Every structure is written in C-alpha cells, then in structure tokens.
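>>> Kindly return the folded structure for what I paste below:
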Amino acid sequence: MGTAAHGGPRRDEEDGRQRQLWVDDPVGRPSMPEPVRTSAVRAVIIVAVTLTQGTVAVLCTLAGSWLAFPMVLSSVASTVVATWSVLDVWVTRQVWNQRYGVVSSPASTARRLRKERRRARRARRAARSAARARPADPAGGGRLSRA
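The predicted model follows:
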C-alpha cells in the first residue's frame, strides 16, 4: 500500500505528496475565553475531589471507622470551597463579558428604536413645513388675517 517500512508519514499514491496524520481545521472562535476555561477546570477538579470526599465520608460512617468524623468535617469545608469555585467561574465569565465581550452593533434594539423615532420626527417636521408652505386659499377660506 502506501505505508513506509520505518513508520514515517504516508504518501498519497496518486501524486506522491506526503499526507499528514493530523490536520487542524480553523474554527471561528474558541468555545470559552482562557480565564473562564482556567477557572472552570479548577472548579471541576475541586468538585470532583469534594464528591470523592463525600463518598469516602459516607462509606467510613457506614463502616463505623474513626475516620468518619474528620472526613465529614473536611467534606463540609470542601463543599464550601466547591461552591466558591463554581461561583468563581460565573463571576469570571461575567467580568470577561463586561470587559471584552460587549460588541456594539448597529442592529441593536435601542438604535433601531432611536432611528424609528428620528424618522417619525422628520416626517412630522416635513408635514408641518409643507403645511406652512401651502399658498393661502384665494377664496379667503384659509388663514385668518387682520383686515
């Protein structure tokens, strides 16, 4: 076939070029910003350790081991830390979105409403100026005048 005896890169049989084993396809944007990803990984590790501690505490309690009481205390403390780390992910995400994630786009709702109000104001102004520019009715039925 097209495999090299020494385990090197394969060659396409048609044109003789080397075919790569791994090709990276570029994506539009990363799934999460780096600081958010870091805090999320940290939170997952802390939550996993907390769940393991809780399981060990339950098993020690069922077995009647002396280790049950210290494990329960550490599980309670670890639960507080795990809650804090999950909140840290949320806060980090919010802060990142506030600093870097806000994109002002012309199609936003507020701009659309302002544009509609401006258009209505211009139409009213044009109607008023057109009414003022109309010549007076020659029969005298139009504007009042001092005579």
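>>> Could you pull out the buried residues of whichever helix or strand Val41 is part of?
Following DSSP states H and E, the helix or strand that holds Val41 is helix 34-63. For helix 34-63, the neighbour count (16 or more other Cβ atoms under 10 Å) marks Val36, Ser39, Ala40, Ala43, Ile46, Val47, Thr50, Gln53, Gly54, Val56, Ala57, Cys60 as buried. In this view, the C-beta of every residue, glycine as well, is placed from N, C-alpha and C.
>>> I figured the fourth one hits Val86, correct?
Spelled out, that is Ala43. Yes - Ala43 lies in contact with Val86 (Cβ atoms under 8 Å); the separation is 5.2 Å.
>>> Return the helix or strand in the protein with minimum mean pLDDT.
Lowest by mean pLDDT, DSSP states H and E among the helices and strands of the chain is strand 10-11, with a mean of 56.
>>> Are we agreed that Trp22 is in a helix?
No - assigned with DSSP: H, G, I helix; E, B strand; the rest coil, Trp22 falls outside any helix and is coil.
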